[in-house]
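Peer 1: give me a model of this one.
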Amino acid sequence: MTTAPKILAINGSERSGNTADVLSHAAARAAEHGVEFEVVDLRNVRMERCGPCGDCNDRAVACVVQDDIPSVVQKMIDADAIIFAAPVHGFGTASLMQTFIERAGVGYLRFNRPLSNKVAGVISVARRYSAGEVWAQLTVNALLNRMILVGSGFPATVHALHRGDALKDEEGLKNVDRLVDRMAAMIGLLREHRELTGRDALSSGDVNERVGLALNELVAAE
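Peer 2: Numbers count the residues shown, from 1 in each chain. Now for the predicted structure:
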């Protein structure tokens, strides 16, 4: 039995504000396509900062820091697509999203790139400044994880200062609509390809890009 397609949105805001409003708008758009939409609010996730061990490049196993990151990573693995959404704070990515990228990426995703060939979308929310920089950082993170990035024409950057302002940015929300529309379409195309061929549309080989490091020699010896 084929399950309904699903988009998982990672909300990197410390507050329930404009970023949450934008994702609610995206969820309504996804529902028009019959796509399930779930939001993980990082402010509600027990998430430690990267620890002082510093052995990330020497380990062949997942991070030993105990928090809720593994459960969020599993949600990402189970979804068809992921939206990374974060506000601009201090001219950069909000600290919750930055911490999540570090903990999930270095601690869990780097070993076999389990997000390979999943559809990715990026949304940034800003008063005005640095929206593009944050959008670009999250985009590069998606590409690092071998995801299939779907664009919206103009980037899905939404301008907002006070609570409620995001829903007044008609152009920004139109780009969010285009993003969700195209993500839903790409999910359908990838599912159809898998059903017809029994394989992913893109190769997932060579997922550990740390070739030549001591870690790879350790893995090969196991």
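
Peer 1: how far does whichever strand or helix holds L196 sit from its chain's centre?
Peer 2: Here L196 sits within helix 170-197, counting by DSSP states H and E. Relative to its chain's centre, helix 170-197 lies at 15 Å (C-alpha atoms, centre = their mean, to the nearest Å).

Peer 1: helices and strands around that helix, which ones?
Peer 2: Using 3 or more C-beta pairs under 8 Å, 6 or more residues apart in numbering; DSSP states H and E as the contact test, the elements touching helix 170-197 are strand 6-11, helix 18-32, strand 81-89, strand 119-126, strand 156-159. All C-beta atoms are positioned from the backbone trio N, CA, C, and that covers glycine.

Peer 1: can you give me the angle that helix makes with strand 81-89?
Peer 2: Angle, helix 170-197 to strand 81-89, by axes from the mean of the first three to the mean of the last three C-alpha atoms, to 10 degrees: 150 degrees.

Peer 1: tell me the spacing between G132 and H89.
Peer 2: To H89, G132 is 15 Å away according to C-beta to C-beta, to the nearest Å.

Peer 1: next one: L161
Peer 2: If you measure L161 against H89 using C-beta to C-beta, the figure is 13 Å.

Peer 1: and the pLDDT at the spatially most central residue of the chain?
Peer 2: Centroid-nearest residue in the chain, with C-alpha atoms, centre = their mean: F84, separated by 3.9 Å. F84 carries a pLDDT value of 98.

Peer 1: so the residue nearest to it when sequence neighbours are not counted, which of the three states?
Peer 2: Once flanking residues are discounted, F84 sits nearest to L138: 4.4 Å by C-beta to C-beta, 6 or more residues apart in numbering. The three-state assignment at L138 reads helix, by DSSP: H, G, I helix; E, B strand; the rest coil.

Peer 1: L138 - how many residues pack around it?
Peer 2: Neighbourhood size, L138 [other C-beta atoms under 10 Å]: 24.

Peer 1: what about the nearest residue to T19 once chain neighbours are set aside, neighbour count?
Peer 2: Once flanking residues are discounted, T19 sits nearest to S13: 4.0 Å by C-beta to C-beta, 6+ apart. Residues lying near S13 (other C-beta under 10 Å) number 22.

Peer 1: quick one, phi psi at S13?
Peer 2: Torsion angles at S13 (phi, psi; degrees, to the nearest 10) stand at phi -90, psi 140.

Peer 1: can you pull the contacts of it?
Peer 2: The neighbours of S13, taking C-beta atoms under 8 Å, 6 or more residues apart in numbering as the test, are 19-20, 41-43, 85-87, 94, 96, 125.

Peer 1: can I get those residues in a markdown table including distance to V119?
Peer 2: Formatted as a markdown table, the contacts of S13 follow (distance: C-beta to C-beta, whole Å):
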| residue | distance to V119 |
| --- | --- |
| T19 | 20 |
| A20 | 22 |
| D41 | 21 |
| L42 | 20 |
| R43 | 25 |
| A85 | 15 |
| A86 | 18 |
| P87 | 23 |
| A94 | 23 |
| L96 | 23 |
| V125 | 21 |
